[in-house]
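# Okay, sequence plus prediction incoming.
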Amino acid sequence: DAKTTQPPSMDCAEGRAANLPCNHSTISGNEYVYWYRQIHSQGPQYIIHGLKNNETNEMASLIITEDRKSSTLILPHATLRDTAVYYCIPDSGAGSYQLTFGKGTKLSVIP
Amino acid sequence: EPEVTQTPSHQVTQMGQEVILRCVPISNHLYFYWYRQILGQKVEFLVSFYNNEISEKSEIFDDQFSVERPDGSNFTLKIRSTKLEDSAMYFCATTKRTGYEQYFGPGTRLTVT
């Protein structure tokens, strides 16, 4: 399984873009990267996923480096409600669909 | 927007008692999962379930745990004889098809005293 490294915490000013990095240097060629977040005491929430191309949806954008060793989740205009722990999760690529959560990045959006 | 629901929101039980945690999946979802999160720790996978069978289970999911879909709508997690260390938030997740885009419920906080 690919291992991930994320900074333990980040701050972002309200209204600014939040850029959350993830290192997944051991990811293999057919493993997607998924991003989830967990707002305090709530269930995790799916945000976005990607393989090699950049992706965008109504919640966020995902930028994946060409070598696929890292990715960045971008919240274009962070709000106070985006304060949460953000998790970068590679798939196992082995027909297993269990999500393996790490410690994630605690994003604090500051007024 | 359809949501996964879980009941109860909070369950307090004495050590050794049986508990059943309930989940109502999104209506056309066919794959079901249970995760738990001990306070201050990571979210951990317990089990996945499809077509009335367990697909995968983790080391945590020992003989004290069982899952079933008793009536075609609810999806339940039973802990036969609770221990203090079972105290945690238990999250149900569901998907329409196999994959990692899982929809989580709000969780049940289980407190074992």
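That came through, no problem.
# List the residues that contact residue 24.
Using chain A here. A:2-5, A:33, A:68-71, A:88, A:90 (Cβ atoms under 8 Å, 6 or more residues apart in numbering or on different chains). All C-beta atoms are positioned from the backbone trio N, CA, C, and that covers glycine.
# sorry, should have said chain B
B:4-7, B:73-75.
# can you redo these as TSV with distance to chain A and secondary structure?
Formatted as TSV, these follow (distance: Cβ to the nearest Cβ, whole Å; DSSP: H, G, I helix; E, B strand; the rest coil):
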residue	distance to chain A	secondary structure
B:4	8	coil
B:5	11	strand
B:6	8	strand
B:7	14	strand
B:73	19	coil
B:74	17	coil
B:75	14	strand
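# Residue A:9 contacts residue A:104, doesn't it?
No. Using Cβ atoms under 8 Å, residue A:9 is not in contact with residue A:104, being 9.6 Å away.
# So for these two, which sits in the more crowded spot?
residue A:104 (26 against 11; other Cβ atoms under 10 Å in any protein chain shown).
# That one against residue A:38, yeah?
Yes. Shown here, residue A:104 and residue A:38 form a contact pair, counting by Cβ under 8 Å, at 7.5 Å.
# any shared contact partners between those two?
With Cβ under 8 Å, 6+ apart, residue A:104 and residue A:38 have common neighbours A:85, A:87.
# Pretty sure residue B:27 sits against residue B:5.
No. The criterion here is Cβ under 8 Å, and residue B:27 misses it with residue B:5 at 11.4 Å.
# Which one's more surrounded, these two?
Between residue B:27 and residue B:5, counted using other Cβ under 10 Å, residue B:5 has the larger neighbour count: 15 against 9.
# and residue A:101, helix, strand or coil?
Here residue A:101 is coil, with the state taken from DSSP: H, G, I helix; E, B strand; the rest coil.
# Near chain A, which residues of chain B? Just list them.
B:4, B:31, B:33, B:35, B:42-45, B:48, B:55-56, B:58, B:89, B:91, B:93, B:95, B:98-107 (Cβ under 8 Å from any Cβ of the partner chain).
# do you know how far the nearest residue to residue B:96 once chain neighbours are set aside is from residue A:6?
Taking Cβ to Cβ, 6 or more residues apart in numbering or on different chains, and ignoring the residues beside it in sequence, residue B:96 has residue B:29 as its nearest neighbour in space, at 5.1 Å. Residue B:29 is 29 Å from residue A:6, where distance means Cβ to Cβ, to the nearest Å.
# between those two, which one's more packed in?
When neighbours are counted by other Cβ under 10 Å, residue B:29 and residue A:6 differ, and residue A:6 comes out ahead with 21 against 17.
# pLDDT at that one, what is it?
Note on residue A:6: pLDDT of 97.
# List the backbone torsions phi and psi for the nearest residue to it once chain neighbours are set aside.
Among residues not flanking residue A:6 along the chain, residue A:105 sits closest, at 4.6 Å (Cβ to Cβ, 6+ apart). Dihedral pair for residue A:105: phi -120, psi 130, per degrees, to the nearest 10.
# For the residue of chain B found nearest chain A, give me its contacts.
Using Cβ to the nearest Cβ, the closest approach of chain B to chain A is made by residue B:104 at 3.2 Å. Counting by Cβ under 8 Å, 6+ apart, residue B:104 touches A:43-45, B:4, B:35, B:91-93.
# Much appreciated, bye for now.
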